[in-house]
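all I have is the shape, not the residue letters:
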């Protein structure tokens, strides 16, 4: 039989994966459950609907039923969680992630158990989707913890031997998963990893380096792992991680990675680099993985994905600034120089990398610096014409010997305070002349147009919009319109003035308003605005032939 697809399986859609941090006492099923009470709350019943089940088809489901009583008459709601885990090879041990079932009354816990009754006497049912794979052909699934609370501060927590008198154990016949997990696509994160393979460890909290990969296990699914970095002098750094699951979002996670299928869990793991970590090159040396059946594999001697850890102990850069800080990029890409003082570089300064905050429409065309006459260094950055501002997130300086120093929020250091902004647009656009065409056109039963050419001269921002108004000889508005034009800072702008159908013969005048990219406007030819340079814009409509 084919197993249920992970993306839609009841197991995935019903639980959140939480993990115990210590071994729990083995549970046994009893016949007559004893009351386990807090001040007011008791668990009076807990039992699997069946004592055993055959789960080898991958479709088995067994109901778990429990009942909560609360002697506090003032309580209006109770809620809590029930946890189920796979018992390990030794009594009192468990493997794989926990099935954590939320419940509440009144109502149903999101993604959790179905509840009935009142706060004083409520019962719950949850259909446990028994996994197809385990570490043994006969597996025991055990209720390991029950927590309950009401809205009057009553609480109950039962675990280990406290649950021994309840029928909270299910024996399942399952397929044996004897194959450990594997991995693929080990790399730096594409979108959320560091812009540069550099890590600063000189701050109070140190730094971190992130890695992404898929943890694969086609049978019982991925459970947990550990990634280890190797550095100078045999030093190592390790980080453990686990698959978790969110209810009611029904989306799993492995570190910062989103997981839709635990048979190929997309993990993104950040390895902490504490303050005082030896400077130099660090690589991923090993990856350990466990599946939900407890199978374990170690992939070692990987020696991949190098990052440079630095405490800025060799190179010291300071005095960071942008010149100019206000960039003229209204019409085309603008440029600025990022300058700094650099001391301690060996074999010269090789590269200066400037990174901007995510989404900033700025870039650094070349990391090769220029040494200025005063001894400082600078690199050019571009600010695209669509940008209103850009923030420098980080700067990395590399010398000819390969030493690195890093600065800015990108590396966990103080913000550099370098913000590029667009120069303000304070000067409205100017029209130096204008003309209409044709000078005369015949009366028409159809709508028409009168061409308008405007010579503009704007000191800062290009003209991007033109609106027109057509007046008859009595000063009444009879046509016109508005729309975008090709952005023009200095030169001719062409547009049209709309004319209505059956415009009667006569003389007409065109007025216009020009608007630049900064939103500033200038009007010409209107009764209360300056005249059009070179005289009014007039055209005539002649009587149609035969009329």
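Yep, that arrived. Every value quoted in this text rests on a predicted model; they were computed, and no experiment measured them.

look up how far residue 305 lies from residue 279.
18 Å (C-beta to C-beta, to the nearest Å). Every residue, glycine included, has its C-beta placed from N, CA and C.

just residue 203 next, same as before
According to C-beta to C-beta, residue 203 and residue 305 sit 22 Å apart.

how about the strands in the stretch 251-400 of the chain?
Along the stretch 251-400 of the chain, counting by DSSP state E, counting those that start in this stretch, strands occupy 251-254, 257-259, 264-273, 280-291, 296-299, 304-310, 316-323, 326-327, 334-343, 349-356, 362-363, 370-371, 377-383, 389-399.

as CSV, those strands with mean pLDDT and mean neighbour count would be great.
Below are the strands of the stretch 251-400 of the chain laid out as CSV (pLDDT from 0 to 100; neighbours: other C-beta atoms under 10 Å):
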stretch, mean pLDDT, mean neighbour count
strand 251-254, 86, 20
strand 257-259, 88, 20
strand 264-273, 95, 21
strand 280-291, 97, 21
strand 296-299, 98, 14
strand 304-310, 96, 19
strand 316-323, 97, 15
strand 326-327, 97, 20
strand 334-343, 98, 18
strand 349-356, 96, 20
strand 362-363, 94, 18
strand 370-371, 97, 13
strand 377-383, 98, 20
strand 389-399, 96, 23
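
out of these, which comes closest to residue 189?
Closest to residue 189 of those, according to C-beta to C-beta: strand 264-273, at 5.5 Å.

how many neighbours does residue 221 have?
Other residues within reach of residue 221 by the criterion other C-beta atoms under 10 Å amount to 30.

spatially, what comes nearest to it if we skip its sequence neighbours?
residue 262 (3.8 Å; C-beta to C-beta, 6 or more residues apart in numbering).

ok, that neighbour - how many residues close by?
By other C-beta under 10 Å, neighbour count at residue 262 equals 26.

gap between it and residue 289?
12 Å.

what touches both of these two?
Between them, residue 262 and residue 289 share these contacting residues under C-beta atoms under 8 Å, 6 or more residues apart in numbering: 217, 222.

hmm, the residue nearest to residue 221 is touching residue 253, no?
No: Residue 262 is beyond contact range of residue 253, at 10.7 Å (criterion: C-beta atoms under 8 Å).

which residues do those two both contact?
Both residue 262 and residue 253 are contacted by residue 243, under the criterion C-beta under 8 Å, 6+ apart.

residue 89: how many residues sit nearby?
Based on other C-beta under 10 Å, the number of other residues close to residue 89 is 9.

which residues touch the spatially closest residue to it that is not a sequence neighbour?
With C-beta to C-beta, 6+ apart as the criterion, residue 89 has its nearest non-adjacent residue at 6.8 Å, and that residue is residue 135. Neighbouring residues of residue 135 by C-beta under 8 Å, 6+ apart: 86, 88-89, 95, 176-177, 293-295.

ok, now residue 411?
Residues near residue 411 by C-beta under 8 Å, 6+ apart: 198-200, 207, 394, 396.

could you work out the most separated pair of these?
Within those, two members stand farthest from each other by C-beta to C-beta: 207 and 396, at 12.8 Å.

and residue 233, what are its phi and psi?
According to degrees, to the nearest 10, the main-chain angles of residue 233 amount to phi 70, psi 20.

thought it was touching residue 278?
Yes: counting by C-beta under 8 Å, residue 233 touches residue 278, with 6.2 Å between them.

more neighbours: which of these two?
Set residue 233 next to residue 278 and count neighbours by other C-beta under 10 Å: residue 278 wins out with 13 against 7.

just the pLDDT for that one.
As predicted, residue 278 sits at a pLDDT of 94.

which phi and psi does the closest residue to it other than its chain neighbours have?
In space, and not counting its chain neighbours, residue 278 is closest to residue 232: 4.6 Å by C-beta to C-beta, 6+ apart. The phi and psi values for residue 232, taken as degrees, to the nearest 10, are phi -60, psi 140.

wait, residue 232 touches residue 279, no?
Yes: with contact defined as C-beta under 8 Å, residue 232 reaches residue 279; the gap is 7.4 Å.

of the two, which one has the most company?
Taking other C-beta under 10 Å, residue 232 and residue 279 do not tie; residue 279 has more neighbours (20 against 12).

you'd agree that one is up against residue 307?
No: under the criterion of C-beta under 8 Å, residue 279 makes no contact with residue 307, lying 11.4 Å away.

quick one, what contacts residue 304?
186, 283-284.

closest to residue 526 among these?
residue 186 (67.6 Å).
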